[in-house]
Every structure is written in structure tokens, then in C-alpha cells.
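Undergrad: sequence first, then the predicted structure, then my questions.
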Amino acid sequence: MNKLFENALTRADQSCPPIWMMRQAGRYQPSYMALKEQWSFEQMCKLPRVAAQVAMLPIEEFDFDVAILFSDILYHIEGLGLPLKFDPGPKFEWHLTEENYQDHCDIGKAIKHIKFQENAIESTRELLPHKKSLVGFVGGPWTLLNYALGENKDKVSDDFKFMYLTDVIIPLLQSSIRHQKAAGADAVMIFDSGLANIHKKFFDEKYLPMLKLISEIENTAYYARTLPYNSLNKVIDIGFAGIGIDSTVDLNKTLNKVKHGFVQGNFDETLLLQDSEMILRYEIKKWLNTVEDPRGWVCGLGHGILKETPTKNVKIFVEMVRNHFS
């Protein structure tokens, strides 16, 4: 494991944080687009050696401290029997309903389907220098449920949602996280970006206990863009091994609140679109100067790298962070 990332996980004293970014392997990289000419997105995800090549691209170009499994959160839903294609965005042939759900409950079959993710982690680990860490990921339970339900998501009852989450999605994610860790992931991130339509009562009384069940798996971290109902403190109290925050959240306050595990974030990803190097350096420096104590911090963005981001700006970001804390 990367020493800086290990120190962030354990909140050990260190002067410089590890750096990694969501979507750090992607369309903003010319090297990624060159591979995309040879392989479709689905092939890049499902062929383990190709997925490993893609995961290594930002490590080789920017020297990030952490590599990330290259895949997609929706393959868990595909594994439950909802046919998926990317054209170019994700499209399901049909969606989950209260009438067909019994055809989409086979967790064992889903785990076998996503075996390529474990294989991709193993292949990435083979290519990755020993001094780097490797992170896996899964989609958040509610986010996956939203995708599975599609246009039905606001039509089905909360009782049905609770049942399907409890009986299918939560145990599927628990199993998937354990498999990713067994394959060589140092930690696994839960990306829960689709919480806009969750009701407060359901979130507080039903959903938080579900997240608690997943958090009990060692080195499992959680990121939700714009948590609903000012619930960051409640999520922190769950005890995840890491919490991701976006650029609207106060980094220092969060680092002070989190007593266990890391906090990841939270530079505004839109600022990396700057044409002016002078302005970009000013914004990065201004942000870095606000950081009071980097202990427990994983330096990154508020969300994923945007596809229009110039690679030279990413290099500037990494250089400035390391120089600032050296």
C-alpha cells in the first residue's frame, strides 16, 4: 500500500497528503482516447488486461498515489439480469418493477457476472508499482436502485424499495466489496451520486442503517455528491474508513469532525478548466493555503475530472500540492 494513503487511512501524522481523483482515467487524456479507438467502453471495462492498462494511464502520466479500478457501477445491475448497453451513455433494455423483481434477485449469478472486476483488480495490481495503492469501487445502494427502476423510480412504494435494497442490493454490494478486497484492493469506495429523490424519513430511518452494514467491511469508504438533509455528520458517525466531500463542504471542519479514516476532496473540478496558468496557480495556491492540517486527508477534487480538463492543468495541480507540503 502507498504509505501516504495508509497514513491517511489511519490518520497518522504526515506533511503531504496522497493524491488521487475520481474519474482520473478518462476522456480528458489523449492516451485514453487512443485506447478508445481500439476498444469500446464495454471492452475496456470487461477485458481485465485492457481495464488494467486504462487504470494505469493516469498513474504513468501524473504519478498519482492511488490507482482506481476501471469499470462502471452499473454492471452490478446488469448482473441482476437487466440487459445494459452504452450508446454512448447507459441504457437498460428494461427496468425493475414490482412485477418482475423476482427475476432479478440472484445475487450469486450477479457476483459471477462481475468476476471481470476482480480480474481487473488483479491485473492492475500486477502492473502497479508496489509504492502505489489500488482502490476499488461500487455504486451506492440508492443510486443503483434508481438506475434499476428507471422511469419507475418515483412510482413504486417505499416498502418495495426497502425490500429490494435489504434483500438484494445491500448483500450484493457487501459480497462485491469483499471480492474486490480479496482480489487486491486496498480500499473500496461507494459512489452514491443519486440521492436527490430519497425522502428524509426513509434516509434517516432505513437508509443510514443500510450504509452502516456496508461500513462494517474494513476499509470501505463513502462518497455522495450533495448529501441530502445536511446529513454529513450522520454519515460521518457511521464510521466509514473514508468520506468523500465535494467543493461546497468545508474541508477543515470535516477533517476535524472525522476521527476515524480519511477525508477525500475537495478542490472545485471546474477550476481545472482554466485557460490561464496564472489564474489556475492562484486558485490552487489559495485553496492549499486554507488547509490547516493534512492529517487524514486524501487530496483530490470535489467530483470527477471533467472531460474537457487539460492534462497540463492536472500536472500543475499535482506539482503544486506536493511542493506546498514538501
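TA: Structure's in. What do you need? Numbers count the residues shown, from 1 in each chain.

Undergrad: what about residue 18, distance to residue 320?
TA: Counting by C-beta to C-beta, to the nearest Å, the separation of residue 18 from residue 320 is 15 Å. C-beta coordinates here come from the backbone N, C-alpha and C atoms, glycine included.

Undergrad: please say which of these two ends up with more neighbours.
TA: residue 18 (26 against 16; other C-beta atoms under 10 Å).

Undergrad: who's in contact with that one?
TA: Neighbour list for residue 18: 2, 4, 5, 7, 8, 65, 66, 133, 298, 299 [criterion: C-beta atoms under 8 Å, 6 or more residues apart in numbering].

Undergrad: of all the residues you listed, which two lie farthest apart?
TA: The span of these, defined through C-beta to C-beta, is set by 133 and 299 at 13.5 Å.

Undergrad: higher neighbour count, the two?
TA: Ranked by neighbour count (other C-beta under 10 Å), residue 133 and residue 299 place residue 299 first, with 28 against 24.

Undergrad: residues making contact with the helix or strand containing the more buried one?
TA: Assigned by DSSP states H and E, residue 299 belongs to strand 297-301. Applying C-beta under 8 Å, 6+ apart, the external contacts of strand 297-301 come out as 5, 8, 17-22, 66, 242, 244, 247, 251, 255, 262-269, 272, 291, 321.

Undergrad: cutoff 7 Å now
TA: Strand 297-301 is contacted by residues 5, 8, 17-22, 242, 255, 262-265, 267, 269, 321 when judged by C-beta atoms under 7 Å, 6 or more residues apart in numbering.

Undergrad: likewise for stretch 94-106?
TA: Residues from elsewhere that reach stretch 94-106 (C-beta under 7 Å, 6+ apart): 80-82, 148-152, 156, 160, 164, 167-168.

Undergrad: now stretch 72-87
TA: The contact list for stretch 72-87 (C-beta under 7 Å, 6+ apart) reads 41-42, 45, 90-96, 103-104, 106, 109-110, 113-114, 138-139, 144, 147-148, 168, 172, 176, 191.

Undergrad: for those, which ChimeraX command selects only the ones that are buried?
TA: In ChimeraX, this line selects whichever of the contacts of stretch 72-87 come out buried by 16 or more other C-beta atoms under 10 Å:
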select :41,45,92,95,96,104,106,110,113,114,138,139,144,147,148,168,172,176,191
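
Undergrad: and the helices in the stretch 151-300 of the chain?
TA: 158-164, 170-183, 200-202, 208-215, 232-238, 251-257, 277-288 (DSSP state H, counting those that start in this stretch).

Undergrad: show me what the fifth one is packed against.
TA: It stands for helix 232-238. Counting contacts by 3 or more C-beta pairs under 7 Å, 6 or more residues apart in numbering; DSSP states H and E, helix 232-238 is packed against helix 208-215.

Undergrad: all strands for the stretch 101-250 of the chain, in order.
TA: 133-139, 187-191, 220-223, 242-244 (DSSP state E, counting those that start in this stretch).

Undergrad: need the ones you listed in a markdown table with distance to residue 61, can you?
TA: Formatted as a markdown table, the strands of the stretch 101-250 of the chain follow (distance: least, C-beta to C-beta, whole Å):
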| stretch | distance to residue 61 |
| --- | --- |
| strand 133-139 | 17 |
| strand 187-191 | 21 |
| strand 220-223 | 23 |
| strand 242-244 | 23 |
